[in-house]
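1. Sequence plus the predicted model coming up.
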Amino acid sequence: MIRSDLDKGYRRFSRGLSLILTILVLIPMTIIAVVSHYQQISVFLLCALVAVLVVFQLSEAITDHLREAGLKREQFLARAEQPNKLASIGRLAAGVAHEINNPLAIINQQAGLIQDIQEMSPDFPHKDVVEESLVGIQNSVKRCKVITHRLLGFAHQTRMKMEQVDINGLIYEAVGFLAKEASYKQIGMKFVLDEDLQHPWSDRGELLQIFLNIIGNAIDAMAESGGIVTLTSQQIDQKNLRVCIADNGPGMTVEVQQHIFDPFFTTKETGRGTGLGLSIVYGLIRKLGGTVNVVSVVGKGTEFEIDLPLHLEEE
């Protein structure tokens, strides 16, 4: 809606500019023609026609330049605003994670106590069901701890575990986690991986989370129609490598692309997405010293380009 209004404004500006420039050009030409008593009227009309055409072309060029400058300014402001948004959501994530960790510790402790008492007690009806339930509680607590650890990592309150990471192997691992879901939705996986890719020093767990999020989003985008997710790795130079995750799904509009990394922004139906996945991905990539770029065309698909350093420079 806003983009449409801006385009209308630029069109009105172009027409107004054309009218003003036309008047400014024709007035002196008319004065010259009057002074010369219209002795060369055909030359005058030809010059007037050429002048009007030049004026319209010039006004269109000026308007296009202004439109492009305005778009670049919007994109710059959006990128500049992103770190502030992520800082706010980071503080919120850290607070939530700390608050959740305390009751999780109590739940885990009490479940362990019940398990110890049960092991010392004689058999009773449904003892196996109780034991199975206790194991389920403890596994769920562990999963919640992993989630809160990731939230703290997004908020930059956990230390990264730096190690040499096999990026290609990690891509295969991420796809393995999502293989059943992709197969169910008739989505294929295509690998174009550089076998000579160097192993960067990075955090394996956070890279896995990045790949899982983006590949998962690609699968969700093609859930209705099916398609192909293409995963590419390549060495850019001696200091950086690139991972591309592309799909041939419905793509995104320019307006959606401007907000995909905003916290709580989602195009999914209510209950299917929190809008935090890509904002966390953006924060993690920056934390690992990398950058992410998104290229999307409506009706053709979306591609995420992730550039990562081989060695994270100390700040």
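-> The structure has been received and is ready for your questions. Given the structure is predicted, the values throughout are model-derived calculations rather than measurements.
2. Quick check: which ranges of the stretch 151-300 of the chain have low pLDDT?
-> 151-159, 263-265, 267-276 (pLDDT under 70).
3. From residue 192, how far off is the residue lying closest to residue 261 once chain neighbours are set aside?
-> In this structure, residue 261 finds its nearest non-sequential neighbour in residue 282, 4.3 Å apart by C-beta to C-beta, 6 or more residues apart in numbering. Using the backbone N, CA and C atoms, a C-beta is placed for each residue, glycine as well. In this view, residue 282 and residue 192 are 24 Å apart by C-beta to C-beta, to the nearest Å.
4. same thing with residue 126?
-> Applying C-beta to C-beta to residue 126 and residue 192 gives a distance of 53 Å.
5. Could you do residue 291 as well?
-> Going from residue 291 to residue 192 by C-beta to C-beta gives 21 Å.
6. Mind checking which of those two has more residues around it?
-> residue 291 (15 against 11; other C-beta atoms under 10 Å).
7. Now do the phi/psi pair for the residue lying closest to that one once chain neighbours are set aside.
-> In space, residue 291 comes closest to residue 307 once its chain neighbours are excluded; the distance is 4.9 Å by C-beta to C-beta, 6+ apart. Per-residue torsions, residue 307: phi -100, psi 130 (degrees, to the nearest 10).
8. Begin at 58 from now on, thanks
-> With the count now opening at 58, the last piece we talked about shows up as residue 364.
9. Is residue 364 in contact with residue 294, as I believe?
-> No: checked against C-beta atoms under 8 Å, the pair residue 364 and residue 294 is beyond contact range at 10.3 Å.
10. between the two, which one's more packed in?
-> Each of residue 364 and residue 294 has its neighbours counted (other C-beta under 10 Å); residue 364 has more, 16 against 8.
11. beta partners for that one?
-> residue 299, residue 348 (DSSP bridges).
12. count of residues packed around residue 306?
-> If we define neighbours as other C-beta under 10 Å, then residue 306 has 25 of them.
13. Surely it is in contact with residue 283?
-> No: taking contacts as C-beta under 8 Å, residue 306 lies outside contact range of residue 283: 9.2 Å.
14. what's near enough to touch residue 257?
-> By C-beta atoms under 8 Å, 6 or more residues apart in numbering, the contact list for residue 257 reads 221-222, 224, 298, 365-368.
15. Run through the helices of the stretch 208-357 of the chain in chain order.
-> Per DSSP state H, counting those that start in this stretch, the stretch 208-357 of the chain carries helices over the ranges 224-241, 261-278, 311-314, 334-344.
16. Between those helices, which one is closest to residue 123.
-> helix 311-314 (17.4 Å; C-beta to C-beta).
17. So for that closest one, what gets flagged as buried?
-> Under the neighbour-count criterion of 16 or more other C-beta atoms under 10 Å, helix 311-314 has residue 314 buried.
18. For it, list the C-alpha coordinates in PDB.
-> The C-alpha coordinates for helix 311-314 follow below in PDB (Å, rounded to 0.1, in the frame of the first residue of the first chain):
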ATOM      1  CA  VAL A 311       9.700  -6.400  -1.900                       C
ATOM      2  CA  GLU A 312       7.600  -5.300   1.100                       C
ATOM      3  CA  VAL A 313       7.900  -8.800   2.800                       C
ATOM      4  CA  GLN A 314      11.700  -8.900   2.100                       C
END
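19. What helices and strands are in contact with it?
-> In terms of contacts (3 or more C-beta pairs under 8 Å, 6 or more residues apart in numbering; DSSP states H and E), helix 311-314 is packed against helix 59-92, strand 348-354.
20. circling back: from memory the residue nearest to residue 318 sits against residue 345, does it?
-> No: assessed by C-beta under 8 Å, residue 339 is found out of contact with residue 345, at 11.2 Å.
21. among the helices and strands packed on helix 311-314, which gets the worst mean confidence?
-> If you rank the helices and strands packed on helix 311-314 by mean pLDDT, helix 59-92 sits at the bottom with a mean of 64.
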